[in-house]
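Participant: Make a model of this:
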Amino acid sequence: MKTSQNQTGWNFAARWVAITTVTFIITTAIAFTSMWSIVWRLLEGLDQPAAALISGAWVGALMGLGLGTGQAILLRDRGIKPMRWVVSSILGGAAGFALFSVLTSDGNSPTPRLQLVMMAGALAGLGIGLAQWTVLRRLPNAPAWIAVTVAAFVPVALLAYNGREGWEWLILLTMGVAVAGITGLGALWLLGGSRPAVVAQVGLMLTIGLLLAGCGGSSEPSVRFSEPREGASVSSPVRVVMAAENFTVEPAGDGAIHDGAGHLHIMVDTPCVEAGQTIPKDETHLHFGDGRTETELDLSPGMHTLCLQAADGAHTALPGEGMTHTISVTVP
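Facilitator: Coordinates of the predicted model:
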């Protein structure tokens, strides 16, 4: 009888992972694609904190919707009202991610990026976990569900922010499996009747593995456009935010060259400069020798390519695959 119960419990967990992965992937994909194609255009004119609050709530709500919908399909057989579960997930996700977005809205936080990413996952998981706990609170060990949800979202955030360009769908799939797998193990413990020790061991191994995978981003220096994203539809003047990893952005100053440091340039509708060549300065080769990482570009209607390129203090293009990042945007 005990073996049969265990098999039923693990079958419950497997269905939880399969269904929740699908629903989470769908709404998370919608969240991020709509963010750059629709939401930011609607938020133009708002100050930065207000825009961050609304955009964060939008992304968090859709992530909560995807997670909660998949979970609710399984929980309806456990005496939990699906609509209440989904609504709580939406509200919790919106609150958690909006809080993170507002706290980091100025873009000048001295906190290292890895810590910011982990904070994003922790706050999103905390918001959803607390909201879902209100539905589960009468169950034994229900407060543990909050920790389960936080543990699920921290590796998800690390995977999202450290994923390689061009691997978006694989990263999204991994994120879905991660959040569904860890919450599924938590549900197996709270609702499935399996032994806590077994579930805890499996959950710990899965969480550690995902954290290692998420933290395993490249240590090579790189630069990238944080905003806008590839393929975005934007209004002119276009707000551009540049970011660097393992590379210090500094003013060009008197032309001094420092290892691992330099400043940024944007090439508008013209190819990146070959490494080792001096970057010219004209209307299509924009220099940010003052160390800036934000600007606005006046672009005519149509499709445009933007190349972000790092150079040293002498304006010489630096070698390395990560020292350039090219995107295409469209101005309606």
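Participant: any idea where the strands of the protein begin and end?
Facilitator: Assigned by DSSP state E, the chain shows strands spanning 222-227, 238-245, 248-249, 261-268, 285-288, 294-297, 302-311, 324-331.
Participant: Columns distance to Pro155 and mean neighbour count on top of these, output as CSV?
Facilitator: The way it works is simple: take the backbone N, C-alpha and C, and place the C-beta from them, glycine included. As requested, the strands of the chain are arranged in CSV below (distance: least, CB to CB, whole Å; neighbours: other CB atoms under 10 Å):
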stretch, distance to Pro155, mean neighbour count
strand 222-227, 22, 18
strand 238-245, 19, 18
strand 248-249, 28, 15
strand 261-268, 31, 21
strand 285-288, 34, 18
strand 294-297, 30, 14
strand 302-311, 28, 19
strand 324-331, 25, 18
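Participant: Can I get those strands in CSV including distance to Ala152?
Facilitator: Below are the strands of the chain laid out as CSV (distance: least, CB to CB, whole Å):
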stretch, distance to Ala152
strand 222-227, 25
strand 238-245, 25
strand 248-249, 34
strand 261-268, 36
strand 285-288, 39
strand 294-297, 33
strand 302-311, 33
strand 324-331, 30
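Participant: Adding distance to Ile90 and mean pLDDT as columns, could you present the ones you listed in a markdown table?
Facilitator: Formatted as a markdown table, these follow (distance: least, CB to CB, whole Å; pLDDT from 0 to 100):
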| stretch | distance to Ile90 | mean pLDDT |
| --- | --- | --- |
| strand 222-227 | 25 | 85 |
| strand 238-245 | 28 | 86 |
| strand 248-249 | 38 | 86 |
| strand 261-268 | 38 | 91 |
| strand 285-288 | 40 | 90 |
| strand 294-297 | 32 | 91 |
| strand 302-311 | 35 | 91 |
| strand 324-331 | 31 | 88 |
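Participant: Now Ala131: closest residue in space that isn't a chain neighbour?
Facilitator: Gly92 (2.8 Å; CB to CB, 6 or more residues apart in numbering).
Participant: Let me know how buried that neighbour is, in neighbour terms.
Facilitator: 28 (other CB atoms under 10 Å).
Participant: measure it to Trp133 for me?
Facilitator: Per CB to CB, to the nearest Å, Gly92 is found 9 Å from Trp133.
Participant: got it, and Thr295?
Facilitator: 44 Å.
Participant: What is the burial count for Ile19?
Facilitator: Counted with other CB under 10 Å, Ile19 comes out at 18.
Participant: what ranges do the helices span in the protein?
Facilitator: 2-34, 40-42, 48-75, 82-103, 113-136, 144-162, 168-191, 196-215 (DSSP state H).
Participant: Mind checking these for the one nearest to Met303?
Facilitator: Minimum separation from Met303 across the helices of the chain (CB to CB) falls at helix 40-42, 16.2 Å.
Participant: Alpha carbons of stretch 258-275, as CSV, please.
Facilitator: The C-alpha atoms that make up stretch 258-275 are tabulated as CSV, following Å, rounded to 0.1, in the frame of the first residue of the first chain:
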residue,chain,number,x,y,z
HIS,A,258,43.8,50.3,-18.6
ASP,A,259,43.5,46.6,-18.7
GLY,A,260,39.9,45.4,-18.6
ALA,A,261,38.5,48.9,-19.0
GLY,A,262,37.4,51.4,-21.6
HIS,A,263,34.4,53.2,-22.9
LEU,A,264,31.5,52.5,-25.2
HIS,A,265,30.5,53.5,-28.8
ILE,A,266,27.3,53.0,-30.8
MET,A,267,27.4,52.6,-34.6
VAL,A,268,24.1,53.5,-36.2
ASP,A,269,23.3,51.7,-39.4
THR,A,270,26.9,50.9,-40.0
PRO,A,271,29.0,47.8,-39.2
CYS,A,272,31.1,47.4,-36.1
VAL,A,273,34.8,48.4,-36.5
GLU,A,274,37.3,45.7,-36.8
ALA,A,275,39.2,44.9,-33.6
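Participant: re the thing from before, mean pLDDT and distance to His263 added to the helices of the chain, as TSV?
Facilitator: Output for the helices of the chain, formatted as TSV (pLDDT from 0 to 100; distance: least, CB to CB, whole Å):
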stretch	mean pLDDT	distance to His263
helix 2-34	77	29
helix 40-42	64	26
helix 48-75	88	24
helix 82-103	91	28
helix 113-136	86	19
helix 144-162	81	24
helix 168-191	82	29
helix 196-215	48	28
